[in-house]
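*Asks:* sequence plus predicted model, see below.
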Amino acid sequence: MGGTAPALEVKDLTAGYGPVRALRQVSLTVPAGAVVTVLGGNGAGKSTLLRAVSRTLRFHGGSVVSGTVSRDGRPLDGLPPDRVVTAGVSQVPEGRQVFARMTVEDNLRAGALGRRGDRAAKAAALRRVHELFPVLADRARQQAGLLSGGEQQMLAVGRALMAAPGLLLLDEPSLGLAPLMAARIADAVREINAQGTAVLLVEQNAALALRLASRAYVLEVGEVTLSGPAAELAVSDEVRRRYLGVVDEDAAADAARARTAHPVLSRWEESR
Ligand SMILES: Nc1ncnc2c1ncn2[C@@H]1O[C@H](COP(=O)(O)OP(=O)(O)OP(=O)(O)O)[C@@H](O)[C@H]1O
């Protein structure tokens, strides 16, 4: 048959924190060059999944119990986190976690630490990040902690890109962002993918994630309960009801009251 090995293949992964099993027998595939999303509510195991892939679970007191993770057909199991980065996998952690007291520039440099390759390759990566997020060039010497939430998310993504990954792991990039900023981050993810990087996107914002991804998985209490082409999941009743917030009449009435109470906000939303 031949063909290209998947960017990521997770098979029967069970992982947790001490006695807590946060993931049970999870299997998923990110085909080469694809954007795949994992949807799920709070505590479903989304962050645990990304930590298991990036091999950073033990920094959170957790461990993989069984199962395998491979990238481009090669196992990542047992590797230290820096070797996972060398294997082409970079993670943007939940909550961004930029180095607040360091400058924007130094945060980006930190993303290239441990990366093999010459200065020219690193300079090219920095140019690519600046093209994607011009604000990071404008604010190069500013402390990262002074950036807005959306700009910090850009910095977190930019820092991960400095390692020139073949696979980007994104943990809830839209969390806490205004809709306009979330849309800008989504555009950047599209562009990153168009330039050849596969993406595993973990999101609670199902509407945004299903627009970006070609394939989606739903994780509930540590297990995959639904998976398929993103377009199919987007029209599935269960996903619409549970994750796309298809409103019932009470919720619609609440929303209408909120719009009356906050006319400026709703005008801003409508003008987008
Ligand atoms: N460091 C930790 N120590 C112990 N238990 C943890 C730890 N991190 C997560 N858990 C537990 O593991 C389960 C899965 O959590 P996880 O953070 O992976 O979910 P999530 O889908 O990313 O949720 P959220 O969207 O709220 O971040 C939850 O029951 C959670 O309480």
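*Replies:* That came in fine, so what should we check first? Residues are numbered from 1 along each chain as shown.

*Asks:* which residues does the spatially most central residue of the chain bridge with?
*Replies:* Among the residues of the chain, the one closest to the centroid is L170, at 1.4 Å (C-alpha atoms, centre = their mean). For L170, the beta-bridge partners are V92, L201 (DSSP bridges).

*Asks:* show the contacting residues for it.
*Replies:* Residues near L170 by C-beta atoms under 8 Å, 6 or more residues apart in numbering: 92, 157, 189, 199-202. All C-beta spots, glycine's among them, are computed from the backbone N, C-alpha and C.

*Asks:* how far away is it from Q142?
*Replies:* Distance of L170 to Q142, computed by C-beta to C-beta, to the nearest Å: 24 Å.

*Asks:* could you do L113 as well?
*Replies:* Distance from L113 to Q142, by C-beta to C-beta: 21 Å.

*Asks:* the more surrounded of these two?
*Replies:* Q142 (15 against 11; other C-beta atoms under 10 Å).

*Asks:* which ones are touching that one?
*Replies:* Here Q142 is in contact with 103-104 (C-beta under 8 Å, 6+ apart).

*Asks:* just how off-centre is the longest helix belonging to the chain within its chain?
*Replies:* Counting residues, the longest helix in the chain under DSSP state H turns out to be helix 179-194. When distances are taken as C-alpha atoms, centre = their mean, to the nearest Å, helix 179-194 is centred 11 Å away from the chain's centroid.

*Asks:* near the ligand, which residues of this structure show up?
*Replies:* Listed as neighbours of the ligand in the chain under the rule C-beta under 6 Å from any ligand atom: 17, 20, 22, 40, 42-48, 60-61, 94, 204.

*Asks:* just the buried members of those residues?
*Replies:* 22, 40, 44-48, 94, 204 (16 or more other C-beta atoms under 10 Å).

*Asks:* so which residues of the chain form strands?
*Replies:* Secondary structure of the chain (DSSP state E): strands located at 8-17, 20-30, 35-39, 63-71, 74-75, 89-92, 167-171, 198-203, 215-220, 223-229.
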